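Undergrad: Predicted coordinates and the sequence they were generated for:
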Amino acid sequence: MTMPVLAMCLLIGSFAFSQTSWQQVPIPPLPQFNPQRPTRVQLANGMVVYLQEDHELPLIGATALIRGGSSSEPAAKVGLVSIYAASWRTGGTEQKTGDQLDDELEAIAAHVETGGGVDTTSVSLNCLKENFDQVFADFLDVLEHPAFREDKIELAKRRLHTGISRRNDEIESIASREVAILGYGANSPYGREMQYWTVDAVTRQDLVEWHKKHFAPNNIIFGIVGDFDSKQMEARLREAFGKLPRGTEYDPPKIPVSGPKPGIYLAEKDDVNQSDISMIGLGIRRDNPDYFAVRVMNEIFGGGFSSRLFKHLRSEKALAYEVGGGVGAGYNHPALIDISMGTKSASTAKAIDALYQEVDDLLTKPPTDQELKQAKDSILNGFVFAYDSPEKILNEQLTYELYGYPADFLERFRSAVEKVSTADVSRVAHKYIEKRKLAVLVVGNPKEFDKPLSSFGAVTKLDISIPTAPGAKTAVAAAGKD
């Protein structure tokens, strides 16, 4: 018996020693953030070019951002930018079909892709350095001479139709859609949804006119990163883009943002046994001086595994299979406050009560020094890895250029976060989160709720049916009791 007991003692002692040793290992300080900022060049025709050398691999990637996206679509043709972005590349050019481009690019493991978003459309390329001349020629051809072939337009429309028909399949997609509608309004470019008839209303001529209106060098921000010499590449780009004539300056739409109407909202989905709960309000822009304090507050409140929401509602109370959120921050308009959680149907009311309590506690219980330190460490550690490559830094710089942010916004981030105090966190919590102004959205099956939602106040039932023609539905049906 002596040997087994001795072995056990040695094992326990070794384990205790290893725990103590692990706890005593010093944590190295974060490395200094000194990003290699890309070189900015502005051509005579107004086009802005960013060049970022990266010689680690023999690769080159580039993106052209063109100002103007879905926020500029006509209300009767929502979906235009999605169709434009899809058929821009697949529709090929005046000289080559999209299928021919596919074959050529696949043979050399290269890509030329197009995309569309709220504020921009884009063309991008990725290729080996040795194939850049060929791929860049195709890139320019797509950028300047799109054909928008009818068969590819119809294919894009069919795919959008499929997406519309399935948009109520998943509870999360319903919640995401209805949060935007409640937060911005069903008629706002930030909240409106494409419908079958708005997709069908888009014609090839609409795409041609969109391209003609928005494609101009003074509306383009071009970024390139990879294995090249900047001076030689700049000369190449000046030759390629310098001859383009200046066009009409893009005038972004003025979109009013007012936030949601407070209340309780239900989107009924009777084939699920879970609920998605969201508390919605109006957030801020990133150029708000409070942005960095809000970022730290979000991390403390609902930003990760060590956040209050996660610890209290998931780990301790086992009410949530997912939970998080905070005050959103957009670049050119306020994002939304979105505090959300997923729970089983039978604990829906209990979860709402618990979420309300966490909001109250955020306002009445200031963060501890330990919470503040953990939040800052989490943000700054994540920040280092979020921008650990020249490509990531370039993409961020393109975003700042697009929205008119200072070129050194990225470098300011770390010092600004480090300066945030517990008092700052409490101040912004009180400033931006008002419980009485929050809208509460529940997506789920009310027949299985532990208590009716009417216990929290009058319930507005949302009609999430998918209409086939205009006027077949409104975004919010008449208020009713659940």
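TA: Yep, it's here.
Undergrad: in the host helix or strand of residue 104, what's buried?
TA: Taking DSSP states H and E as the definition, residue 104 sits inside helix 98-107. Buried residues in helix 98-107, counted by 16 or more other CB atoms under 10 Å: 98, 101, 105. Using the backbone N, CA and C atoms, a C-beta is placed for each residue, glycine as well.
Undergrad: For the next helix or strand after that helix, which helices and strands make contact with it?
TA: Using DSSP H and E, the helix or strand that directly follows helix 98-107 along the chain is strand 111-116. On a contact count with 3 or more CB pairs under 8 Å, 6 or more residues apart in numbering; DSSP states H and E, strand 111-116 meets helix 80-90, helix 98-107, strand 120-128, helix 132-144.
Undergrad: contacting residues around the third one?
TA: So that's strand 120-128. For strand 120-128, the surrounding residues in contact (CB atoms under 8 Å, 6 or more residues apart in numbering) are 58-69, 81, 84-85, 88-89, 108-116, 134-136, 138-139, 142-143, 214, 402.
Undergrad: Which among the residues you listed count as buried?
TA: 59-69, 81, 84-85, 88-89, 110, 112-116, 135-136, 138-139, 142-143, 214, 402.
Undergrad: give me the low-pLDDT residue ranges for the chain?
TA: With pLDDT under 70 as the threshold, the chain has low-confidence stretches at 1-34, 472-482.
Undergrad: And the strands in this structure?
TA: Listed in chain order, the strands of the chain (DSSP state E) span 39-42, 48-53, 59-67, 111-116, 120-128, 220-226, 263-268, 274-282, 284-285, 322-327, 329-330, 336-344, 439-444, 459-462.
Undergrad: how much space between residue 451 and residue 345?
TA: 12 Å (CB to CB, to the nearest Å).
Undergrad: These two - which one has more neighbours?
TA: Between residue 451 and residue 345, counted using other CB atoms under 10 Å, the more crowded position is residue 345 (16 against 12).
Undergrad: Give me the spatial nearest neighbour of the more buried one, chain neighbours excluded.
TA: residue 448 (3.6 Å; CB to CB, 6 or more residues apart in numbering).
Undergrad: surely the one you found meets residue 273?
TA: Yes - distance between residue 448 and residue 273: 6.4 Å, which falls inside the contact criterion (CB atoms under 8 Å).
Undergrad: quick one, which of these two is more surrounded?
TA: Neighbours per residue (other CB under 10 Å) separate residue 448 from residue 273, with residue 448 holding more: 16 against 10.
Undergrad: who touches the more buried one in this structure?
TA: Taking CB under 8 Å, 6+ apart as the definition of contact, the neighbours of residue 448 are 273, 345-346, 348.
Undergrad: With residue 92 instead?
TA: 98-101, 146-147, 149, 152.
Undergrad: got the residues you listed as JSON lines, with distance to residue 431 columns?
TA: Conversion of the contacts of residue 92 to JSON lines gives the following (distance: CB to CB, whole Å):
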{"residue": "98", "distance to residue 431": "51"}
{"residue": "99", "distance to residue 431": "55"}
{"residue": "100", "distance to residue 431": "57"}
{"residue": "101", "distance to residue 431": "52"}
{"residue": "146", "distance to residue 431": "47"}
{"residue": "147", "distance to residue 431": "52"}
{"residue": "149", "distance to residue 431": "53"}
{"residue": "152", "distance to residue 431": "49"}
